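Novice: I'll drop the sequence and a predicted model, then ask my questions.
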Amino acid sequence: MNLLIEMFSTFKQTGDLINDCYNFLKNKDKTIVAEHSLKVSNECVRLADLFGYSQEDASIAGILHDISAVFPYSTQLEIVKNYGVELLPVEEDFPLLVHQKTSRIIAEKIFNIHDVNILNAIGCHTTLKENPCTLDLILFIADKLCWDNPYTAPYYELVSDALETSLEYAAYVYMKYNLDEDLLKVIHPWYQQAYDQLHLGFTNYENMESNSFRKSISLSINRKHKRNRS
Ligand SMILES: [Fe+2]
Ligand SMILES: [Fe+2]
């Protein structure tokens, strides 16, 4: 039987997608992912409200973005290949990077989501990509602000503050933080392309605020690190 259909054969739709997905993940022993997805969905709604996007579409993208967690990575690679979606070498080497593509396939094939903006946002929520649209940015940032660790993300204040400038700037600040702190095991080409584009756009802005920008990054991170240690 088709791997997707088999996995979701027990999925009960009540008409409340948010609760249905949350309960499905919990029933599959994915409680941490269920809680994270619910938080991301709520954060997507908040950001959609702030930046004038459909709150309903944003909530759907949020609740479904990690739905692929019900499959092990080896199965996810198989699913992506079976559906004829391109697999990049880095995704085969680091299968964590493939889950955004698997979630997109599940959203479309199982949940009958056909809004291309929702599907695209799910499909690049880990890495972002060049020319991101508003929902790509909303989901990317919401996912990072609501990371599934018990303590607050060390970049939380930095990215939250950057949201006061724009979604693009918040994404840029987050991506720059990862690169500056050398936190990425591998750089997905979509991440690099998205970062390069944002970097080009914000170079002047950053130069203008060069000193204060860099100081605010280090101060914010140092504050967080101290707080998390105490
Ligand atoms: Fe994810
Ligand atoms: Fe996530």
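Specialist: Happy to help now that I have it. Residues are numbered from 1 along each chain as shown. Ligands and ions are numbered 1, 2, ... in the order given.
Novice: three-state assignment of the residue nearest the centre of the chain?
Specialist: Nearest to the mean C-alpha position of the chain, by Cα atoms, centre = their mean, lies residue 125 at 3.3 Å. Classification of residue 125 using DSSP: H, G, I helix; E, B strand; the rest coil returns coil.
Novice: doesn't residue 138 make contact with it?
Specialist: No: taking contacts as Cβ atoms under 8 Å, residue 125 lies outside contact range of residue 138: 9.8 Å. Placement of C-beta: from N, CA and C, glycine included.
Novice: Identify the contacts common to these two.
Specialist: Common neighbours of residue 125 and residue 138 (criterion: Cβ atoms under 8 Å, 6 or more residues apart in numbering): residue 61.
Novice: Quick check: chain neighbours aside, which residue is closest to residue 53?
Specialist: In space, and not counting its chain neighbours, residue 53 is closest to residue 134: 5.1 Å by Cβ to Cβ, 6 or more residues apart in numbering.
Novice: ok, the one you found touching residue 51?
Specialist: Yes: Residue 134 is within contact range of residue 51, at 6.3 Å (criterion: Cβ under 8 Å).
Novice: quick one: which of the two has more around it?
Specialist: Legend: neighbour count by other Cβ atoms under 10 Å for residue 134 and residue 51, higher for residue 134 (19 against 16).
Novice: How much space separates that one from residue 97?
Specialist: Distance, residue 134 to residue 97, by Cβ to Cβ, to the nearest Å: 23 Å.
Novice: cool, residue 16 as well?
Specialist: 31 Å.
Novice: So the two - more neighbours on which side?
Specialist: More crowded of residue 16 and residue 97, by other Cβ under 10 Å: residue 97, with 21 against 10.
Novice: Quick one: neighbours of residue 128, just the number.
Specialist: 26.
Novice: and the residue nearest to residue 53, what is it in contact with?
Specialist: Counting by Cβ under 8 Å, 6+ apart, the residues that residue 134 touches are 51, 53, 167.
Novice: Format these as a markdown table; extra columns: distance to residue 20 and secondary structure.
Specialist: Compiled in a markdown table, these are given as follows (distance: Cβ to Cβ, whole Å; DSSP: H, G, I helix; E, B strand; the rest coil):
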| residue | distance to residue 20 | secondary structure |
| --- | --- | --- |
| 51 | 27 | helix |
| 53 | 23 | coil |
| 167 | 28 | helix |
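Novice: roughly how far out does stretch 159-173 sit from the chain middle?
Specialist: 15 Å (Cα atoms, centre = their mean, to the nearest Å).
Novice: make that stretch 130-150, sorry
Specialist: 4 Å.
Novice: what ranges do the strands span in this protein?
Specialist: Read by DSSP state E, the chain holds no strands at all.
Novice: pLDDT weak spots in it?
Specialist: Along the chain, the parts satisfying pLDDT under 70 run over 1, 204-230.
Novice: Residue numbers of it in contact with ligand 2?
Specialist: 66, 143 (Cβ under 5 Å from the ion).
Novice: Skipping its backbone neighbours, what lies nearest residue 25 in space?
Specialist: Nearest one to residue 25, counting by Cβ to Cβ, 6+ apart, is residue 34 at 3.7 Å.
Novice: go on, residue 81?
Specialist: Counting by Cβ to Cβ, 6+ apart, residue 81 lies nearest to residue 87, which is 6.4 Å off, once chain neighbours are set aside.
Novice: Might you report the residue contacts of that neighbour?
Specialist: Applying Cβ under 8 Å, 6+ apart, the residues contacting residue 87 are 77, 80, 81, 98, 101.
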